[in-house]
Structures are given as C-alpha cells and as structure tokens.
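Trainee: Whatever this is, show me its structure:
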Amino acid sequence: MQLDHFINGAPVPGDLVLERRNPSDTRELVARFPDAGADVVDAAVVAASAAQPAWAAASPEVRADLLEAIATTLFARSAALGELLAREEGKTRAEGTGEVLRAARIFRYFAGEAIRLHGRTLASTRPGVEVRTHHESLGVVGLITPWNFPIAIPAWKAAPALAFGNTVVMKPAETAPAMASALAGIIAECGAPAGVFNLVLGAGGAGAALAAHSGVDGISFTGSQATGQKVVQSTAARRARVQLEMGGKNPLVVLADADLDRAVAIALDGGFFQTGQRCTASSRVIVEDAIHDEFVARLAQRACALNVGHALDPATQVGPANSEAQLARNLDYVGIATGEGGRLVCGGQRLEREHPGWYMAPSLIADTDPAMRINCEEVFGPVVSTIRVHDYDAALSVANAGDFGLSAGIVTNQHDRARHFRRNVRAGMVMVNLPTAGVDYHVPFGGVRGSSHGPREQGFAAFEFYTTMKTVYEAG
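Mentor: Model prediction:
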C-alpha cells in the first residue's frame, strides 16, 4: 500500500520515505507512507479550523447519522480490516477482527450520544431571571494515537470528538499507518464534510508539530510517559486542553483463598494475550506465600504451552512483538530482571519461526522484589513477574507502590477483601476476579498518578474533554 495524508477531504501525497513491515513476516512490506512536516500539519489544522463552525452548527442528527454510517461500514468490513490489522500490528486475526468490531460499536455508541448531549435549567436567585447551561464543542482537536490498538483507540477518540461538533487532525503511530488510513477513508466515504476529519502520517516530529500548533484547542494523547510530558509542555503555554493516557504497571493480587485454576487463567490472559502489548496488562502478579509456588508452577506450564506464531495462522495464540525495537526492549528487561536476582521460570528468548519475524517466548520471572525495575517500569511485552507476600495488607501495599495507577485486579473469594481492595487500591480501574486487561467501550477509561492526566476517555465521561460549558442568564 502507498499511503497519503488526508486533508480537507482529499488525499495529499508526499515522499514515501517511511515503511511498515509485517511483524509476522518481515519480508512483507505492508505500506509505504510520507513523514509529515510542520507545513503538512499546518495545512491540516487550517482545514479543520475552517470546517469547524459549520460542523458544530450542524444538527446533532447529522453528526449521529455520520457516526452510524461509519459503524455500519466497519461492521461490514470487519473481516478484511481485521486481516489488515493482523498484518500491520501483529495481533492474531481473531484479535484484529475483534478490535474492528469494537471500533464499530464505539462509533455506534457515540452516534446516540450526539443526540443526548444535554444541559441544565436552574432556578436563579433573582426573580424574573432564567439560568441554563449548555455544552458546546471544544473546537479543533489533535489526536495522537498509539500502535497497540490501531483502530479502537482512534475510534474512542475520534467518535466523541465528531459527535460533539469538533473537527479532528489525527496523527497515528508510525507503526500503524495503514489502519489509520483505512479509517480516514471510511469516514470520508460515509459523508464527512471536507476538513472535518484530517489525517497526517509520519514519525514523532509530526506529532510534536500537532501538539505545538496554536490552532489546536485540545490534544488527546495515548503513549509513553516521556512523550506525554512533552505534550503537556507543548500545550501549557497556550493553555490548550490536554488529555493523556500513559500506560501502567498493573498489579494483579492473588490471595490464598482464590480458586487457583481461575487465578492462573486470569493472570495468563492479562499478562500474555495480545503479546502483552496492552496498557492494562497485568505485568506484575502479587501472590500470597501459601500458594505462591504452586501458582507459579501452574502459570509457567500454561505460558510455556502458548502457541506463538504468525498472526494469520488460526492456531496462533500469541503473535509477534510489534517491532524489532519492542522485541529488543522485552529481551533487555528479562536480562535486567534476572540480573537483579529474579528467577526466569520460562521463556525469556527470541523464537525462530518459518517466517522471519519479531517472535518472543512468553516469559515468567519469579522471586522478584517490588523495588526491582521489572516491577516499576512498563515493559509492554509478554513478560510477567511475580512477587511473594505474606498477607493481604502486604499485597495492597505492593500494589500501590510505583508511579503508575491505571488498572489493578484481585482474585479472591473473600468479599470483604475484594471490597477493601477496590476502595483502597490506587488505580483508576479495578477488576475483581477478572483480568486487569479488557474494558467495556461504554464506560470511562483512565487512571491516576503517572498513568493519566485530564478528563477520562470513553463512555459518558468523554463529553467532559470534547465540550466546553456555557452558562446563560436571561431576563424575562
């Protein structure tokens, strides 16, 4: 595929200086695409600014109809798009198709929210005066999206932005340009007016130019803490609204009373599926001493049995790492963990398959200390560490350590412990007897501390970021 930017309703070609290869078979070139400079970003922002007043003034039903048409198209093309996603990102075909279906449901949900945007009428303290509040569009929003969910995350940012009358300039990760381009094409095909949705492709410089542009009223970013900090610095001077999702080091607490088979299945799902490349993955598992050794043995057995292979092979359970750099990072952290005293129970090595790709064995590291780097820094791969604790209080203390606070989970049959955990763990999302990864599309998503900044994403909370409130006083 040869990809273009998409600005003001039309493709905008550029020099095809970047490329994306299939993580499952690096001999296959998935796409070539341009690297946007500041001039391309500026053209996209200018187009979005020109289109925004008319889009905000359009009937909510017009916006709802567009989003419903996008959803319908995504449903109809889920199989083909799921295959493209698997080839580009490295997820299994089933995971890729599932993500496309999730994106479709997100657009359908926000088609309804476009109609339901509401205000309030309040009694004034002064006779003869009426007071009302209205939610109005924010303006032009820049979306900087990651590679690990290359259509679901763009959907959960773009759908509410469009539903509430904003125009969009999106810059996707450079390892997921084809899915972003496919989404832009569908949005245009379904009738979005010129300039309402714009796409700029490229590396980090394009995202930096978008974050710094004076014509952008808000930035919604998903990525690393380091890049998120740069986004904040770029937007602070002009006081633009900013929303950051910056990952997690999510704890899963397993208490001694837990059903062991269930606990192992939960840890396996949360830690290894989708190659561990989820910001909500349970990459550190905190286990009570009484069951620690048996839990580790069972989890290792299940992890070692996972079938790692080509994303389009129906027998594959775990696909490749997204990139050579990510694979190297994963392997480096295994070395760091064992160097600090962790015990490698299984995995830890690069795998060779029939096709050259970025494959890694699911890796389990036991006997780690909470202060080790493996328990404090996000790896973003199929690497899970375990921490042995004496009791629940120690487990909660370890779960609350560190700089992140996105998702946290507990596996237990004690209702009082589960209730205490959900009230006292320092995380934005809490899972009881469920994997830390896996969230619904119609409820708020986000964390605390170093994981998130700004209003929540998704569901009924999304309007807080994408709208501004106006209070109107009117004398009779």
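Trainee: Is Leu201 located within a helix, as I assumed?
Mentor: No: looking at Leu201 with DSSP: H, G, I helix; E, B strand; the rest coil, it is coil, so not inside a helix.
Trainee: Could you verify my assumption that it touches Asp35?
Mentor: Yes: applying C-beta atoms under 8 Å, one finds Leu201 in contact with Asp35, separated by 7.3 Å. For glycine as for every other residue, the C-beta is placed from the backbone atoms N, C-alpha and C.
Trainee: count of neighbours near the closest residue to Ala337 other than its chain neighbours?
Mentor: Leaving aside its sequence neighbours, Ala337 sits nearest to Ile374 (C-beta to C-beta, 6 or more residues apart in numbering; 3.8 Å). Neighbour count of Ile374, defined by other C-beta atoms under 10 Å: 24.
Trainee: about what we covered before: counting neighbours, go ahead and name the busier of Leu201 and Asp35.
Mentor: Per other C-beta under 10 Å, whichever of Leu201 and Asp35 has more neighbours is Leu201, with 27 against 18.
Trainee: Model confidence for that one, exactly?
Mentor: Among the per-residue scores, Leu201 holds a pLDDT of 98.
Trainee: contacting residues around it?
Mentor: Contacts for Leu201 were tallied using C-beta atoms under 8 Å, 6 or more residues apart in numbering; they are 3-5, 14, 18, 33-36, 171-172, 174, 177, 180-181.
Trainee: With Ala297 instead?
Mentor: By C-beta under 8 Å, 6+ apart, Ala297 lies in contact with nothing.
Trainee: does it belong to a helix or a strand, and which?
Mentor: Element membership of Ala297 [criterion: DSSP states H and E] is helix 289-304.
Trainee: And that helix, what's buried?
Mentor: For helix 289-304, burial by neighbour count (16 or more other C-beta atoms under 10 Å) applies to 291-292, 295-296, 298-300, 302-303.
Trainee: Tell me which other helices or strands the helix or strand just after that helix touches.
Mentor: Following helix 289-304 in sequence order, the next helix or strand is helix 324-339 (DSSP H and E). When contacts are defined as 3 or more C-beta pairs under 8 Å, 6 or more residues apart in numbering; DSSP states H and E, helix 324-339 sits against strand 343-346, strand 359-360, strand 363-366, strand 383-389.
Trainee: what about Val200, distance to Asp39?
Mentor: Applying C-beta to C-beta, to the nearest Å, the value for Val200 to Asp39 is 11 Å.
Trainee: scratch that, Gln317
Mentor: 45 Å.
Trainee: Those two - which one has more neighbours?
Mentor: Each of Gln317 and Asp39 has its neighbours counted (other C-beta under 10 Å); Gln317 has more, 17 against 9.
Trainee: That one contacts Phe273, correct?
Mentor: Yes: if you go by C-beta under 8 Å, Gln317 and Phe273 touch, sitting 7.4 Å apart.
Trainee: contacting residues around Lys171?
Mentor: Lys171 touches 36, 41, 142-145, 199-202, 206-207, 210, counting by C-beta under 8 Å, 6+ apart.
Trainee: which one among those gets closest to Cys346?
Mentor: In terms of C-beta to C-beta, no member of the contacts of Lys171 lies closer to Cys346 than Thr145, at 33.3 Å.
Trainee: now the residue of the chain most remote from its centre: how far from Gly476?
Mentor: Most distant residue from the mean C-alpha position of the chain: Pro127, 49.5 Å away (C-alpha atoms, centre = their mean). According to C-beta to C-beta, Pro127 and Gly476 sit 9 Å apart.
Trainee: show me where the stretch 351-476 of the chain has strands.
Mentor: Under the criterion DSSP state E, counting those that start in this stretch, the stretch 351-476 of the chain contains strands at 359-360, 363-366, 383-389, 407-411, 429-432, 452-453, 467-475.
Trainee: For Leu66, find the nearest of the ones you listed.
Mentor: Nearest of these (C-beta to C-beta): strand 467-475, 17.6 Å.
Trainee: Show me which positions of that closest one end up buried.
Mentor: Going by neighbour count (16+ other C-beta under 10 Å), the buried part of strand 467-475 is Thr467.
Trainee: Equivalent analysis for stretch 49-57, please.
Mentor: For stretch 49-57, a neighbour-count test (16+ other C-beta under 10 Å) marks 49, 51-52, 55-56 as buried.
Trainee: how much distance is there from that stretch to the middle of the chain?
Mentor: Stretch 49-57 sits 28 Å away from the centroid of its parent chain (C-alpha atoms, centre = their mean, to the nearest Å).
Trainee: What of stretch 418-428?
Mentor: 22 Å.
Trainee: Show residues contacting it.
Mentor: 250-251, 253, 392, 396, 399-400, 405-408, 410, 412, 430, 432-433, 445-449, 451-452, 456.
Trainee: who's in contact with Trp55?
Mentor: 63, 137, 162, 165-167, 193, 196.
Trainee: and it, helix, strand or coil?
Mentor: Per three-state DSSP, Trp55 ends up helix.
Trainee: Around the nearest residue to it once chain neighbours are set aside, count how many other residues there are.
Mentor: Spatial nearest neighbour of Trp55, excluding adjacent residues (C-beta to C-beta, 6+ apart): Val196 at 5.2 Å. Residues lying near Val196 (other C-beta under 10 Å) number 26.
Trainee: thinking again about what came up before, now, among the buried residues of stretch 49-57, which is nearest to Val232?
Mentor: Ser49 (22.7 Å).
Trainee: can you tell me the helix or strand for the closest one?
Mentor: Using DSSP H and E, Ser49 maps to helix 38-57.
Trainee: what helices or strands is the next helix-or-strand element following that helix leaning on?
Mentor: The helix or strand immediately downstream of helix 38-57 is helix 60-76, counting by DSSP H and E. If you count contacts as 3+ C-beta pairs under 8 Å, 6+ apart, helix 60-76 packs onto helix 93-116, helix 152-163, helix 177-189.
Trainee: neighbouring contacts of helix 60-76?
Mentor: Residues outside helix 60-76 that contact it (C-beta under 8 Å, 6+ apart): 55, 81, 100-101, 103-108, 110-112, 114-115, 117, 159, 162-165, 186-187, 189-192.
Trainee: how far off helix 38-57 does it point, in degrees?
Mentor: Going by axes from the mean of the first three to the mean of the last three C-alpha atoms, to 10 degrees, helix 60-76 is angled at 120 degrees with respect to helix 38-57.
Trainee: Good, wrapping up.
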